[in-house]
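S.K.: Next input, structure requested:
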Amino acid sequence: MNKTISDYELIMRFIKGEESCFEQLIHRHKNKVFAYISLYIRDQALAEDIFQDTFLKVIQSVKAGKYSDNGKFLSWVMRIAHNLIIDNFRRVKQMNTISNDNYDSDLFNSIKLSDGNIENELIRKQIHDDVRAMISSLPDDQREVVILRHYADLSFREIADLTGVSINTALGRMRYALINMRKMMKDKKISLTLN
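M.R.: As a prediction, this is how the structure comes out:
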């Protein structure tokens with residue numbers, strides 16, 4: 001299928017019975033949506049379940065006529081994923097904390113380390129742990145922008161739409177997050193380099 005076809009056109013074709021059009025939508029957006037879910041849901045199997053539930057809900061909503069195109073299909077899908085993540089946290093009564101402990105397959109640890117000696121691998125792991133700890137200690141609104149921008153690879157416009165704030169607010173939150181992380185690095189004497 002042609003990549004220049006808009007999300008809206010794919011949705012319209014899907015509604016008219018072209019099932020492959022929805023597969024194209026999933027293929028087009030799956031990496032961003034799954035990355036976003038994985039940053040909040042540490043259990044791989046549960047993240048996959050929420051990913052599937054997200055697109056099932058998208059299908060149900062589209063078929064029920066609940067999607068009106070405003071050029072923000074991905075933001076709409078991300079909102080659905082976000083709501084399912086929140087529902088999961090409510091179910092397990094962990095709304096305010098996300099544990100990084102005993103997590104073998106989180107995003108940082110799944111990044112393949114380049115060939116190198118064991119010392120470099122240990123340093124890389126420490127850097128990943130330090131970055132994860134700094135992001136975890138940011139205020140919620142700043143942490144969310146960092147995750148959406150750098151791990152879900154959303155634009156600031158998409159972040160603004162998803163979080164319901166202006167683009168300037170999203171940019172400001174990123175700025176303060178970076179300031180806070182630099183301060184943490186200085187206070188804790190953290191180095192994020194291999195040398």
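
S.K.: remind me which residues of the protein are low pLDDT?
M.R.: By pLDDT under 70, the weakly predicted segments of the chain are 1-3, 69, 92-121, 192-195.

S.K.: In terms of helices and strands, where is the most centrally placed residue in it?
M.R.: Nearest residue to the geometric centre of the chain (CA atoms, centre = their mean): Tyr36, 1.7 Å. Per DSSP states H and E, Tyr36 falls inside helix 19-40.

S.K.: Buried ones in that helix, by neighbour count?
M.R.: 21-22, 24-25, 28-29, 32-40 (16 or more other CB atoms under 10 Å). No exception for glycine: its C-beta is placed from N, CA and C like everyone else's.

S.K.: Tell me which other helices or strands whatever helix or strand Asn180 lives in touches.
M.R.: According to DSSP H and E, Asn180 maps onto helix 167-187. Applying 3 or more CB pairs under 8 Å, 6 or more residues apart in numbering; DSSP states H and E, one finds that helix 167-187 contacts helix 118-136, helix 140-150, helix 156-163.

S.K.: run the last query once more with 7 Å
M.R.: helix 140-150, helix 156-163 (3 or more CB pairs under 7 Å, 6 or more residues apart in numbering; DSSP states H and E).

S.K.: Dump these to a markdown table, plus mean neighbour count.
M.R.: As requested, the helices and strands packed on helix 167-187 are exported to a markdown table (neighbours: other CB atoms under 10 Å):
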| stretch | mean neighbour count |
| --- | --- |
| helix 140-150 | 19 |
| helix 156-163 | 20 |
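
S.K.: Okay then, goodbye and thanks.
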